[in-house]
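Peer 1: For reference, the sequence and a predicted model appear below.
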Amino acid sequence: MPRSKKVKIFDPNRLSEEDKEFAEGILNYIREGSRNSDRDTKFLNPPGSGLYGTGASKIDVQYNESPNEKVIQQGDAYIVFGTDKPSGNASGKSRMGALRSGRIDLVVGRMAGKAKPPKGSLVGNSFEADAARIYISELTDIDKNFGVTEGKSGEMKDRSGIGIKADGVRIIGREGVKIVTGRAGGTGEKNSLGGKMLPAPTIELLAGNNSEPRRVPLSILSGETEIYDPVQGVAMGDNTVKALSELSSLISDVISVIRQRSNAEFIFNAAINIAMALPGPLQGAAISAAFAAYFASIGKTQYSMYQFFINKALWDINYLEPYGYRYIESRNVKTT
């Protein structure tokens with residue numbers, strides 16, 4: 001993991017002079033692991049220290065609440081009910097007065113990722129700087145709000161959306177995790193606006209949030225500048241195994257043909273050498289017989305090569321073409 005700026009989880013300098021001495025004493029008490037039963041808990045934990053859950057540090061900024069919002073706040077943790085508002089009051093669908101754009105916004109650490117504005121400042125939502133968030137909206141531009149690249153499926157607009165963002169996000173299933181797109185099985189389910197959906201919408205895994213085509217100057221293979229798409233379909237396991245197995249068989253077939261031709265040439269050369277050593281009347285007959293055997297053997301290998309070319313063409317169609325029934329690249333799961 002890359003090293004980030006270290007931030008003190010507890011800073012005595014934020015306390016008043018009256019409480020600072022007590023708080024620093026508590027920190028030393030914890031570090032040294034000493035026991036002190038002479039002091040009660042209240043004395044050890046002055047108000048505002050935050051130690052042992054006795055109180056949280058004061059919040060330097062204030063959330064700029066809209067008139068149609070209900071805010072539940074505890075310290076620097078918020079649950080906000082309202083309409084779609086990814087940043088300030090003039091953002092999202094609420095800016096246009098959309099009626100069906102309800103939202104629930106769970107956020108902690110407002111403006112934690114940037115230098116804090118002056119104490120007491122009003123701040124809006126910041127999908128970039130707020131520490132962690134779960135954003136649920138009935139109608140929103142979810143990709144635009146979170147700055148997600150278009151990828152293969154494009155930018156989703158004017159749809160319901162849920163966005164989850166933090167320094168680290170973990171999805172844990174004790175007995176399995178499934179990522180599913182499309183409608184519920186056996187139903188004619190529609191999207192949140194009552195519209196039709198694709199039967200198998202794309203799943204995209206975009207490391208680095210970048211899907212732009214990349215340029216490779218002077219490719220070793222072509223000698224020219226090459227442009228390739230970093231967002232590619234993942235390999236289908238069974239199809240790939242089957243493709244490699246059949247490719248191995250095709251290679252074995254080619255090796256067999258080469259071996260047969262090599263053996264035929266070896267036998268032919270040996271027969272010619274023997275024929276040249278025979279008396280004149282027998283020499284011609286022996287050479288003719290050697291040529292006849294050689295061409296018969298070469299004819300068989302030629303047929304094998306024709307069969308190989310047919311099998312290779314079918315292999316290409318089945319595994320390397322998008323219309324092939326065993327195409328090895330997934331059409332619906334893409335990744336960088």
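Peer 2: Everything's here; your move.
Peer 1: Identify each of the strands in this structure and give its residue range.
Peer 2: Using DSSP state E, the strands found in the chain span residues 62-63, 70-74, 77-83, 102-108, 122-123, 132-140, 159-165, 203-205, 214-216, 226-228, 232-235, 329-335.
Peer 1: Name the strands paired with the longest one and say parallel or antiparallel.
Peer 2: Applying DSSP bridges, strand 132-140 is found paired with strand 102-108 (antiparallel), strand 159-165 (antiparallel).
Peer 1: Show residues contacting that strand.
Peer 2: Applying Cβ atoms under 8 Å, 6 or more residues apart in numbering, the external contacts of strand 132-140 come out as 84, 86, 92-93, 98, 100-109, 127, 145-146, 158-167, 192. The C-beta positions use only the backbone N, C-alpha and C, and glycine is treated the same way.
Peer 1: Give the rounded mean pLDDT of it.
Peer 2: The average pLDDT for strand 132-140 rounds to 97.
Peer 1: In it, which residues are buried?
Peer 2: 132-135, 137-140 (16 or more other Cβ atoms under 10 Å).
Peer 1: just for the stretch 51-200 of the chain, where's the confidence low?
Peer 2: Along the stretch 51-200 of the chain, the parts satisfying pLDDT under 70 run over 51-58, 116.
Peer 1: thinking again about what came up before, could you redo the buried residues of strand 132-140 as a markdown table and give each row distance to residue 73?
Peer 2: Shown next, in a markdown table, are the buried residues of strand 132-140 (distance: Cβ to Cβ, whole Å):
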| residue | distance to residue 73 |
| --- | --- |
| 132 | 15 |
| 133 | 15 |
| 134 | 16 |
| 135 | 17 |
| 137 | 20 |
| 138 | 23 |
| 139 | 25 |
| 140 | 23 |
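Peer 1: Of all pairs in those residues, which one is the farthest apart?
Peer 2: 132 and 139 (23.3 Å; Cβ to Cβ).
Peer 1: so the residue nearest in space to the middle of the chain bridges to which residues?
Peer 2: Centroid-nearest residue in the chain: residue 205, 2.2 Å away (criterion: Cα atoms, centre = their mean). Counting by DSSP bridges, residue 205 is bridged to residue 335.
Peer 1: show me what contacts residue 85?
Peer 2: Taking Cβ under 8 Å, 6+ apart, one finds 66, 69, 91-92, 94, 103, 105, 124-125 in contact with residue 85.
Peer 1: my bad, residue 124
Peer 2: Residue 124 is in contact with 63-64, 85, 87-89, 91, counting by Cβ under 8 Å, 6+ apart.
Peer 1: circling back: report the buried members of the contacts of strand 132-140.
Peer 2: Buried subset of these (neighbour count, 16+ other Cβ under 10 Å): 84, 86, 92-93, 98, 101-103, 105, 107-109, 127, 145-146, 159-161, 163, 165.
Peer 1: ok, for residue 82, nearest residue in space, not its chain neighbours?
Peer 2: Leaving out its chain neighbours, the residue that sits closest to residue 82 by Cβ to Cβ, 6 or more residues apart in numbering is residue 69, at 3.6 Å.
Peer 1: any idea how far residue 173 is from the one you found?
Peer 2: Plainly put, residue 69 is 34 Å away from residue 173 if you go by Cβ to Cβ, to the nearest Å.
Peer 1: and the two? which has more neighbours close in?
Peer 2: Counted by other Cβ atoms under 10 Å, residue 69 and residue 173 do not tie: residue 69 has more neighbours, with 17 against 7.
Peer 1: So the more buried one is in contact with residue 81, correct?
Peer 2: Yes. Residue 69 is within contact range of residue 81, at 6.4 Å (criterion: Cβ atoms under 8 Å).
Peer 1: thought residue 329 was touching residue 237?
Peer 2: No. Assessed by Cβ under 8 Å, residue 329 is found out of contact with residue 237, at 12.0 Å.
Peer 1: Give me the more crowded residue out of the two.
Peer 2: residue 329 (17 against 10).
Peer 1: Let me see the contact set for that one.
Peer 2: Residues near residue 329 by Cβ under 8 Å, 6+ apart: 232-236, 322.
Peer 1: all helices in the protein, in order from the N-terminus.
Peer 2: Using DSSP state H, the helices of the chain run over 17-32, 41-44, 142-146, 237-276, 280-320.
Peer 1: any idea which of those is most buried?
Peer 2: Of these, the one with the most neighbours on average (mean count of other Cβ atoms under 10 Å) is helix 142-146, at a mean of 18.
Peer 1: Fine, thanks again, bye for now.
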